[in-house]
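Trainee: kindly generate the corresponding structure for this input.
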Amino acid sequence: MRKLFGGMVLVALVLSLPAAAQAQRRAAAPMGGAKHEFGVDVGLAYVSSNITGVGGGIVMVTPLDVRFGFVPRSGKMMWEPRLTLNFNTVGGNTTYLFTPQVNMLYSNSTGGHRRGMYFTGGAGLVLGDNGTTSGTAIKLEGGVGWRKPYESAAWRYEVGLQWVSSSTALGLAADYIAIGGRVGISLWH
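Mentor: Okay, the predicted model is just below:
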């Protein structure tokens, strides 16, 4: 009877080893069928001094950025429309810039578009009103970013470079370059 019981314990142990080994593996990133990424960012940038009314030096801007990404079922590229709104009040005069744009994100990590590093590039229009006139400029940008998972969301950090064309109606006497970054949060649906 002892031999039979010992043999049964040995067989049970051998049969449970594959399940125990499988439990030790790191789980793959759960996509959960998410089709969209929604996020809000706050940015900070240093801008060259080619803006009319700024006497040399550097201007800091902090736009609010809302984005909506289309998560691919497979592959590393993701398309992401963005909307940026920037208000500026100086001396009682309020100006605004509204920037619709489209960015492409290329995931450079095994976490896909849920975590890890990515590269981004995009183009958009800068629509603005400086209180007396309104106008449009063209914007191109590129950068690198990271997603860091946080519970059911992810923190998102991005640094990059933007080029905006001149527009006398917007007070942009010449093209300018902005160097800066964004910090935000991403949610999936």
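Trainee: and the strands in this structure, which stretches?
Mentor: Using DSSP state E, the strands of the chain run over 36-47, 59-61, 64-70, 77-90, 93-107, 116-129, 134-150, 153-164, 176-188.
Trainee: mean pLDDT lowest where, among those strands?
Mentor: With a mean of 60, strand 59-61 has the lowest mean pLDDT of the strands of the chain.
Trainee: need the strands of the chain in CSV with distance to residue 170, can you?
Mentor: C-beta here means a position set from N, CA and C on the backbone, and glycine is covered the same way. CSV is the format used below for the strands of the chain (distance: least, Cβ to Cβ, whole Å):
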stretch, distance to residue 170
strand 36-47, 13
strand 59-61, 13
strand 64-70, 19
strand 77-90, 11
strand 93-107, 8
strand 116-129, 5
strand 134-150, 4
strand 153-164, 9
strand 176-188, 11
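Trainee: distance of the closest residue to residue 77 other than its chain neighbours from residue 118?
Mentor: Nearest non-adjacent residue to residue 77, counting by Cβ to Cβ, 6 or more residues apart in numbering: residue 106, 5.7 Å away. Distance from residue 106 to residue 118, counting by Cβ to Cβ, to the nearest Å: 6 Å.
Trainee: more neighbours, the two?
Mentor: residue 118 (23 against 15; other Cβ atoms under 10 Å).
Trainee: go ahead and confirm the more buried one touches residue 112.
Mentor: No. Counting by Cβ atoms under 8 Å, residue 118 stays clear of residue 112, with 9.5 Å between them.
Trainee: picking that back up, how close does the residue nearest to residue 77 get to residue 180?
Mentor: 20 Å.
Trainee: for the closest residue to residue 145 other than its chain neighbours, give the beta-bridge partners.
Mentor: The shortest distance from residue 145 to any non-neighbouring residue, by Cβ to Cβ, 6+ apart, is to residue 158 (3.5 Å). Residue 158 has the following beta-bridge partners by DSSP bridges: residue 145, residue 182.
Trainee: same check on residue 103?
Mentor: Applying DSSP bridges to residue 103 gives these bridge partners: residue 80, residue 122.
Trainee: what about residue 188, how many neighbours?
Mentor: Using other Cβ under 10 Å, residue 188 has 19 other residues around it.
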